[in-house]
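Chemist: Okay, predicted coordinates and the sequence, questions at the end:
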Amino acid sequence: MNIFADVIWNKANNFEGWEKTTNCTVSQTDDGLLFTFTANGPNIANRNVDIDPKQYNTLTYTYRATGPIKHHGYVFYAKDGQNFSDYRLWKLPVPKADGEWHTVTVTGDVLSKPWTWFNGGNIKSLRFDPTYTGEGTTYELRELKFSYQESAAMTFDNLVLAQLSDPQIGFKDYDAELARFRQEIDKINNSDCQAVVICGDMMHITNRETLTVFKKELSRLKVPVYIVPGNHDVAQKDSRPIFEEFFGPSFYAADMPSGGYRLIVLDSELWQHPKESETAKMDAFLQKELDAAKTADKKIILAMHAPIFIESPDEKEEYFNLPKPRRKWLLDKLKQYPVVAFLTGHTHKTFTYQWNGILFSSAETTSVSFDKVTYGFRRFVFDHDMIRYNTVPIK
Ligand SMILES: [Fe+2]
Ligand SMILES: [Fe+2]
């Protein structure tokens with residue numbers, strides 16, 4: 001049996017581990033910690049914690065303050081390999097500067113991105129920012145505590161996912177397409193999307209220079225991104241090894257940040273223009289991943305560049321869809337597994353339909369839109385048996 005006690009810091013343990021101060025000095029008093037602010041952004045960090053966040057959904061702290069205080073406080077948190085960021089914080093109310101002791105309790109609804117607390121491993125570092133500015137402020141912290149309250153229970157079975165199709169920067173107007181892609185990254189960062197899937201064709205021309213530009217933009221994303229290879233990525237002369245050097249294998253699978261979803265990324269080029277051994281390898285990989293996901297009771301999201309079909313499973317073969325025998329092979333397989341969605345690009349035309357209970361989606365682009373719909377991306381909320389989606393437009 002696992003037993004979890006409240007995690008508490010106060011005078012009894014001398015705020016153990018809370019050592020690293022920035023923009024303030026902190027001393028221990030009979031009551032707790034006394035902050036003296038020296039610049040904006042005062043804080044104290046504890047890099048020696050190991051907290052299973054699933055067991056703690058409530059933060060309680062007791063403080064006393066005087067002097068002009070206008071700003072909120074924060075508790076930042078980070079897991080292995082993470083820095084403190086606006087995407088991982090508890091927002092605390094503006095302190096009351098009346099010289100009285102106050103005990104404040106906040107729950108998961110003040111988390112900036114709740115799933116970043118509850119999912120993805122233990123908390124390894126914490127940072128307490130009593131407020132942002134406050135010349136002449138005194139601030140004392142008597143206790144800081146994480147606990148679990150049943151009434152504050154939140155479940156994070158939903159997955160919020162951004163689907164992008166064909167950024168293909170340089171297709172028609174390099175500068176405008178790059179600017180729209182940049183805007184897209186900003187919009188995603190300011191959204192509740194927990195992960196991003198880019199369904200192929202990153203750059204119109206693929207080489208080390210263009211992929212360097214693309215990767216630099218991607219590095220601004222605050223959530224995980226999953227790259228799907230398109231024909232412009234892996235089917236131009238000599239582009240495949242360069243693409244793989246930048247983004248890794250062309251087919252792979254990953255667990256999504258929440259909701260028990262498994263993403264399987266496929267390389268449609270290996271089905272449209274088969275390379276014997278590589279195609280066989282991907283077929284075996286897909287079979288193995290589908291079986292493993294089913295056994296593990298995961299729901300499956302598939303992503304590749306070219307759609308299986310565009311309007312009907314029986315439509316004739318062309319540049320944009322899969323060869324007929326492969327189409328049948330794949331559709332027969334999908335029916336046997338808990339596949340919820342199949343995300344694609346390549347068409348530069350949007351579509352959304354359901355086939356055998358599976359959502360098929362081709363998203364808006366930021367490059368060239370043949371159906372003249374708005375530029376942008378799709379935001380999906382996978383919520384148990386329901387899928388909601390909307391287009392997030394880019395100008
Ligand atoms: Fe494309
Ligand atoms: Fe394409």
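Modeler: It's in. Ligands and ions are numbered 1, 2, ... in the order given.
Chemist: Enumerate the residues of this protein near ligand 2.
Modeler: 201, 230-231, 346 (Cβ under 5 Å from the ion). Where C-beta positions appear, they are placed from N, C-alpha and C, glycine not excepted.
Chemist: top of those by neighbour count?
Modeler: residue 230 (29 neighbours; other Cβ atoms under 10 Å).
Chemist: Give me the neighbour count for the nearest residue to it once chain neighbours are set aside.
Modeler: The shortest distance from residue 230 to any non-neighbouring residue, by Cβ to Cβ, 6 or more residues apart in numbering, is to residue 200 (2.5 Å). Neighbours of residue 200 under the rule other Cβ under 10 Å: 29.
Chemist: How about the one 5 residues further on?
Modeler: In terms of burial, residue 205 registers 15 neighbours under the definition other Cβ under 10 Å.
Chemist: Quick check, it in contact with residue 238.
Modeler: No - with contact defined as Cβ atoms under 8 Å, residue 205 does not reach residue 238; the gap is 11.5 Å.
Chemist: Phi and psi next, for the closest residue in space to residue 193 that isn't next to it in sequence.
Modeler: Computed as Cβ to Cβ, 6+ apart, the closest residue to residue 193 that is not its neighbour in sequence is residue 162, at 4.2 Å. Dihedral pair for residue 162: phi -100, psi 130, per degrees, to the nearest 10.
Chemist: Check residue 353 too.
Modeler: Taking degrees, to the nearest 10 as the convention, residue 353 sits at phi -150, psi 170.
Chemist: what's it in contact with, if anything?
Modeler: 359-360 (Cβ atoms under 8 Å, 6 or more residues apart in numbering).
Chemist: Tell me the spacing between it and ligand 2.
Modeler: To ligand 2, residue 353 is 20 Å away according to Cβ to the ion, to the nearest Å.
Chemist: ok, so what distance separates that residue from residue 339?
Modeler: As for residue 353, its distance to residue 339 is 14 Å (criterion: Cβ to Cβ, to the nearest Å).
Chemist: residue furthest from the geometric center of this protein?
Modeler: Note on the chain: the largest C-alpha distance from the chain mean falls to residue 30, namely 43.1 Å (Cα atoms, centre = their mean).
Chemist: thought that one was touching residue 140?
Modeler: No - applying Cβ under 8 Å as the test, residue 30 and residue 140 come out as separate, 10.2 Å apart.
Chemist: overlap in contacts of these two?
Modeler: Contacts common to residue 30 and residue 140, judged by Cβ under 8 Å, 6+ apart, are absent.
Chemist: Could you pick out the longest helix of this structure?
Modeler: For the chain, the helix with the greatest residue count under DSSP state H is helix 276-295.
Chemist: Quick one, grab the pLDDT at the closest residue to ligand 2 within the stretch 251-395 of the chain.
Modeler: Taking Cβ to the ion as the measure, the stretch 251-395 of the chain has residue 346 as its residue closest to ligand 2, at 3.9 Å. We have a pLDDT of 97 for residue 346.
Chemist: which ones are touching it?
Modeler: 165-166, 199-201, 230-231, 268, 305-307, 320, 362.
Chemist: distance of it from residue 272?
Modeler: From residue 346 to residue 272 the distance is 10 Å (Cβ to Cβ).
Chemist: Show me the common contact partners of the two, please.
Modeler: If you check residue 346 and residue 272 against Cβ under 8 Å, 6+ apart, the residues they both contact are 231, 306.
Chemist: tell me the helices in the stretch 51-200 of the chain, going along the chain?
Modeler: Ranges of helices in the stretch 51-200 of the chain, per DSSP state H, counting those that start in this stretch, are 114-118, 174-189.
Chemist: The longest one packs against which elements?
Modeler: Contact here means 3 or more Cβ pairs under 8 Å, 6 or more residues apart in numbering; DSSP states H and E; on that basis helix 174-189 packs against helix 208-218, strand 375-383, strand 386-394.
Chemist: What angle do strand 375-383 and that helix make with each other?
Modeler: 20 degrees (axes from the mean of the first three to the mean of the last three Cα atoms, to 10 degrees).
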